[in-house]
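sharing a sequence plus its predicted fold:
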Amino acid sequence: MKKQTETLNRPDNTAFTQQRLPAWQPMLSAGIVIPGFVVIGLAFIGIGVALFVTSQNIQVLERDYTGVEQNSDNDCSRCLNRTNCVCAVQFNLAKQLEGPVFFYYGLSNYFQNHRKYGVSRDDYQLSGDTYYFENPEDDCIPYQYDSRNRPIVPCGSKANSLFNDTFRLYRLVGGQKKQVPFDGKGIAWWTDYNLKYRNPTLVDGSLAKAFNGTVKPVNWPKPVYELDTSDSSNNGFLNQDFLVWMRRAALPGFRKLYRRISEGEYADGLPTGNYSLEINYNYPVHGFDGRKKVFFSNVSWMGGKNQFLGIAYLVVGSLCIVMSLVMLIVYAKYRFPDEDS
Amino acid sequence: MCSLLSSLGIKCGGEEKPEEERHLRANDREFNISYKYANNEINTSKYNVFTFLPLNLLEQLQRLANAYFLCLLGLQLIPAISSLSWFTTVVPLLLVLSMTAAKDATDDINRHKSDRQVNNRKVEVLVNGQLKSEKWRNVQVGDIIKLENNQFVTADLLLLSSSEPLNLVYIETAELDGETNLKVKQALTVTGDLGDNIESLAAFRGEVRCEPPNNRLDKFMGNLEVGGLTSSLDNDKILLRGCTLRNTQWCFGLVVFGGPDTKLMQNSGKNRFKRTSIDHLMNVLVLCIFGFLAFMCTILAIGKGIWESQEGSAFAAFLPPPDGNNPPFSAFLTFWSYVIILNTVVPISLYVSVEIIRLGNSYYIDWDRMMYHAPTNTPAQARTTTLNEELGQIKYIFSDKTGTLTQNIMTFNKCSINGKSYGDLLDFSGQSIEITEKTAKVDFSWNRLADPKFSFHDPCLVEAVRQGSKEAQNFFRLLALCHTVMPEELNDGGLNYQAQSPDEGALVTAARNFGFVFRARTPESITAVEMGQVITYNLLAVLDFNNVRKRMSVIVRSPEGKLTLYCKGADTLIYERLHPSCSKLMEVTTQHLNEYAGEGLRTLALAYKDLDEDYFDSWRKRHHEASTAMEDRDEKLDAIYEEIEKDLQLLGASAVEDKLQDGVPQTIEQLSKADIKIWVLTGDKQETAENIGYSCNMLREEMKEVFIVAGHTREEVAEELRTARKKMKPDSSDEPPFHKSGFLGKKSEVVEDETVESEYGLVINGHSLAFALQEDLQLEFLRMACMCTAVICCRVTPLQKAQVVELVKKRKKAVTLAIGDGANDVSMIKAAHIGVGISGQEGMQAVLSSDYSFAQFRFLQRLLLVHGRWSYLRMCKFLRYFFYKNFTFTFVHFWYGFFCGFSAQTVYDEWFITLYNLIYTALPVLGMALFDQDVDHRWSFRCPELYTPGQLNLYFSKRAFMRCMMHSCYSSLILFFIPYAAIHDTVRDDGKDIADYQSFALLAQTCLLVAVNMQLGLDTTYWTAVNQFFLWGSMSVYFAVTFTMYSNGMFLIFTSTFPFIGVARNSLNQPNVWLTILLTSILCVLPVLAYRFLYMQLRPTINDKVRYKVRQDKAPPPDVPRRFRPRRISTRRSGYAFSHSRGYGDLVTSGRFLLRPMKSRPALFSRSASSGLTLSEESPQIFRPIAEEPIA
């Protein structure tokens, strides 16, 4: 008992309090670092080769149709300063474009990633909350209310600037134009289509009535409930083109999926031959020096064509090998003396 | 109203003017209440329940960082600027505020508790003519209270009467000023006559008028009016709160100051707030960062202006600017938007994390068993939790001697009696045996009065005494009679000595154990028990010690009527006064003295002389004349003493060991290997200090020279310093080498170190130090002192101690540590960057003002070499990493600015921004900062050189910070552009979009998190299970939280708060996303790895070398071997063992340090009136020689 009180203040003897926790103490020794670099280098070169080859095998056909330059393969320059104008891009496939083929439109110098642009929307509206149909969020200014103070649905710059060029692809077979069927289903993210965006509950079985008291965005030719009157599952906020547009791009140059070509005789891809892409030229980009492009592309396990990743892996891998050699030389020559002091 | 307010802790403003004079009347509560003096309740707490929230918040928001974040929050609430949601700032700020508030609250609750405990102590108060037990808090000014032995003094009291003769009381002031020797207070006769007569005490109506409350412990002014008679009051009649009553059965006192007005409370709570050099550096860096932040924001704002005027106006069709096209204005708004986004360069969590790390490392000190001292049951204690890393940067240590290097225990070790030396144990071959704790002690059980704590190992001496050796008996008789010790009879019949110096106590205790027990003294007699027989000697004169005489004598008459003079003193002085017949004995004794001195013992020669009755009578008359002379009294007395102290017979010599604490020489050696300079600052005399310097290995025989500076004038000192410097470094210039500072050639005040080849020592005296510290000489002194390996300043006052510390602090820009145990060290402890108190002894003052405290000096090496080094290492690693991770995080936003139209769009999800510092990266780095160690503690001891990087500020400096920034810059470029390039033109494997903003945000933030965590892994050298858990745990938490926040449920509940629904699912299943993550993190880490590896091979640091060595021999190193001091024979010996000298005699005469000269009172006991903090070491509580009293 006495002994206990004598050492009452003695600290506990645990590995933690005495800072003796068992630990792994790695050190940058030559035996680990140099082989490590070699292994990483080899692995990277391997991955790099795989990526590069894969990327090489992806076919992309890219055409600029802005019409700024006079171009022999398209006549879009005439539409440059007009709206509701039709022009066409002609192209020839020397090699079959393996299917499934995806058709993209691309914009550049277009700041969808501008903060003001990004916040200029109302998530509640888009999830079908009719309260916000009448009271759109302030972020939507100046596309919150129209001049007669009627609420705009969908509000904001983001929705207002919906891309409205339309495309039709024709294959020229023996002087005849044969339309290539486009598949516009499921081009948006599943979560966007099924969860994030919801149409308001129908009023009297009509979507249009649910939007009563609201007006369409100023730039739009028609209200949101008439985006695709032929297919109710592709109408309103659930219109796939609308969804694709609303998923704003991270960078000022971007491409967005427009249609898939996977039906009928085109399931295996676009066969060789001459094609004509007919464009309903509406979207003005000339004013801000933007460019409009179209892409036909197929994909692989690594997604779309991207040379960068493969090359980067190859470069980094080779640098690792070089570095390991340098380190080996340095180690052999200068390694610090293990003198025993 | 006012009382209500004051109970809320708010002072009523302005109505009360400061008290100018205190006026009170004993036993008259109504009268005293009219003055509204504070009662005896104390309140040291800061808050109460109602005031806590507002006051604490106000206090916290005064801190720069918190205020900054509050401003940020304000900015965020302006819609035009707000680039981030409010919660990104509010969540961290609330967390920080609430954590600090919780800590403050617990502190305050503890203060409330201790207040309550003190306030509820009981004391007997005289109320309505009766003694009643009352709580302390209810005691009022003007009450009369009764204190009993060993009770704490309740309030500041005017002593009225006591149980002891002459109305004396003895008090101990340890809690007040750390002094453990007893002090005497004496009541006025007017009040002393009241005694313990309750009726007369109750009828006492004395009126006191005195100074208002103040904090001067050594001063009191006032007067007492009793029945028209006014007597003046001074400090001798006042008992201060915090003292303890000793050796006094009871006393009565009149409460003068209560509670907050007492001098104890007036003195408390004014601690200087210390900050570490890292703190200062951090403040500078934070300012730089603010500047840098402004710079980045300006660039982006300019970019915005340009973009707006060129692109933005054209893009207006799709994104109309809110208020027309006004590029300058939108640039201005963008500036603030980016201030909000880039604020993470000054992360709020930094401050909290730093506090946590310091707290953790402080706990390690508290928990360290190797700094626990079992004999006194004292663990080490980190009393300040904010200075840890500075422990790893100490360059100068200032140490007190008594009680710090030494145990302040004197042991009677050896003696030489009549030419025979006792005290050594010899084996058969005549070699002396090492005396350890296990060596058998001599049995003193035959002596009933022996002190059980006394130990002696040589049995021969006891035998000699018991066999009746005349010389041996005379030797101890002298020790029992010739001293100024006061005996104290304990209740259990034991005996206790109150000695002014431990030397004297040791000698008298030795005599006691060898059968010559000093029992009692009166002014005229000394009673001793000699070998069981009670003998009372007539004490005729005490020829007291002074600095010149270096000896003291007593003249006694034995019961048989024999007159004898006993004298003890410095050997040289005694030898001059010996009778020629002793010459042979002198030779042998000198040899013994040399041996003792070589072992570092404090020696003393003893002699006696039988006196002739007639001669003594005439001498005594002349002595009386001299002692009553009005002029030159001291000189005359000295002459008269000199006359009688001659032709002495040598008895022998005693050797007292001033016991060093365990391990002091080894510790000093270790610390000097770590390139720490140790200066000893002591109030001791030069000889004693030098002696200790040698015995603890600071001064060494092999030093080329030990300079002694003891000049008495400015010129002498200046010359001595200059000569010494020229000797050490003949080519040194007279102009001190100032540190070259980079700015505009501005002359800095910092003196650079100068190296000398050989080792030198310096011993400087207090009076010389006074000149050396003057403005014009201090640089010369500093240069010279810093060239020496060992510096000892002796006879210094507490103020000088602090001045020396301040000088080094200011002129060397080095981190200083002061260590001491007594009240006289307080000023130095407070002045130094870090103050260490030696705890476990009685005095508390040093500990109370210290930052760290432990029981033994040797723990200092563990505190510095292990805890300090680790703390510094950890803190630096933490800061480097922390800045790295936040800069990297922030710079990515900067790069993105150029690609999003400078629109202050964040790269990451807002929730990621909120949680990045709080959750995702908080714990791994904390784990590193709490557990990391480069090598374990044994290696830290074995290689003290590991300590030096800290002194040179190598691990974290402005340069290291710049490197951090460059590194971050590189990493952020990788972390932005690799994902950019990898994703800008690609799509998912099903052709859908992946280059959208949300996927990019997820990719960029995942890359960032993986990269910074890998960097952390690279920085961690000590991977405990906790580190692993924190690291992998944080990564898992990141993915778990991300998937949760991007889940359907969260979106459906909080639609606009979590708009990232589905992103994790849609992009983290893509192989190219993972390949991008791998590429970025490898690219971030590998160059660092290669750089470190190459650097280690080409220019290994001391750290690398030691770690390499650790790897080589897996076996733990042996503990540092304990080396024993070799014996040496030296002719250098401590002149005189009395450390109880008459205080600072020579300083007093020089008049430089004392505010007022000491005065002596014509009473039996006198004490120095001005002993306050200025003069407390070995405070001269002189029992004034009885010889001054005219006898008969």
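Alright, I've got the coordinates.

what is the burial count for B:L773?
Per other Cβ atoms under 10 Å in any protein chain shown, the neighbour tally for B:L773 reads 18. C-betas here are computed from N, CA, C, even on glycine.

also A:D228?
Using other Cβ under 10 Å, A:D228 is surrounded by 17 other residues.

how many neighbouring residues does the residue lying closest to it once chain neighbours are set aside have?
Nearest in space to A:D228, with sequence neighbours left out and distances taken as Cβ to Cβ, 6 or more residues apart in numbering or on different chains, is A:N234 at 4.3 Å. Counted with other Cβ under 10 Å, residues neighbouring A:N234 total 18.

residues in contact with A:N234?
A:G184, A:K185, A:L227, A:D228, A:Q240 (Cβ atoms under 8 Å, 6 or more residues apart in numbering or on different chains).

which of these count as buried?
Those of the contacts of A:N234 that meet the buried threshold are A:G184, A:L227, A:D228, A:Q240, by 16 or more other Cβ atoms under 10 Å in any protein chain shown.

of those residues, closest to chain B?
Chain B lies nearest to A:Q240 out of those, by Cβ to the nearest Cβ, at 10.6 Å.

what separates the residue nearest to A:D228 from A:L227, distance-wise?
Distance, A:N234 to A:L227, by Cβ to Cβ, to the nearest Å: 8 Å.

B:G822 now?
Distance from B:G822 to A:L227, by Cβ to Cβ: 89 Å.

give me the number of residues near the residue in the stretch 551-700 of chain B positioned nearest to chain A?
Scanning the stretch 551-700 of chain B for the residue nearest chain A gives B:K673, at 12.1 Å (criterion: Cβ to the nearest Cβ). The criterion is other Cβ under 10 Å. On that basis, B:K673 has 15 neighbouring residues.

B:M703 now?
When neighbours are counted by other Cβ under 10 Å, B:M703 registers 16.

OK, contacts around the residue nearest the centre of chain A?
Closest to where the C-alpha atoms of chain A average out (Cα atoms, centre = their mean) is A:A249, at 6.0 Å. Listed by Cβ under 8 Å, 6+ apart, the contact partners of A:A249 are A:Y110, A:Q112, A:N113, A:K256, B:A995, B:D996, B:Y997.

the fourth one contacts A:Y104, correct?
Yes. Taking Cβ atoms under 8 Å as the definition, A:K256 is a contact partner of A:Y104 at 6.2 Å.

quickly list the domain ranges of the chain.
Using chain A. Chain A breaks down by automatic domain parsing into domains covering A:29-58+A:306-341, A:59-298.

if you could check chain B rather than the one you did, that'd help
B:49-118, B:139-268, B:362-404+B:660-733+B:749-865, B:409-659, B:876-940+B:963-1112 (the TED database).

show me where the stretch 1001-1150 of chain B has its helices.
B:1025-1045, B:1048-1053, B:1063-1067, B:1071-1098, B:1102-1112, B:1145-1150 (DSSP state H, counting those that start in this stretch).

tell me the buried residues in the first one?
By neighbour count, with 16+ other Cβ under 10 Å as the criterion, the buried positions of helix B:1025-1045 are B:V1026, B:N1027, B:Q1028, B:F1030, B:L1031, B:S1034, B:M1035, B:Y1038, B:T1042, B:M1045.

these also near chain A: which ones?
Counting by Cβ under 8 Å from any Cβ of the partner chain, B:V1026, B:N1027 from the buried residues of helix B:1025-1045 sit close to chain A.

CSV for the domains of chain B, including mean pLDDT?
Shown next, in CSV, are those (pLDDT from 0 to 100):
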stretch, mean pLDDT
domain B:49-118, 85
domain B:139-268, 83
domain B:362-404+B:660-733+B:749-865, 86
domain B:409-659, 84
domain B:876-940+B:963-1112, 92
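
nearest to A:N92, of the ones you listed?
Closest to A:N92 of the domains of chain B, according to Cβ to Cβ: domain B:876-940+B:963-1112, at 23.2 Å.

shaky segments in the stretch 201-341 of chain A?
Residues of the stretch 201-341 of chain A meeting the criterion pLDDT under 70: A:336-341.

switch to 50 and redo it
Within the stretch 201-341 of chain A, the ranges that satisfy pLDDT under 50 run A:339-341.

and the helices in it, which stretches?
Under DSSP H, counting those that start in this stretch, the stretch 201-341 of chain A gives helices at A:207-210, A:240-246, A:307-334.

looking at those helices, which is buried most?
Ranked by mean neighbour count, the helices of the stretch 201-341 of chain A are led by helix A:240-246 with a mean of 22 (mean count of other Cβ atoms under 10 Å in any protein chain shown).

run through who's touching that one.
A:121, A:126, A:158-159, A:161-163, A:184-189, A:192-193, A:197, A:224, A:227, A:234, A:237, A:256-258, B:993.
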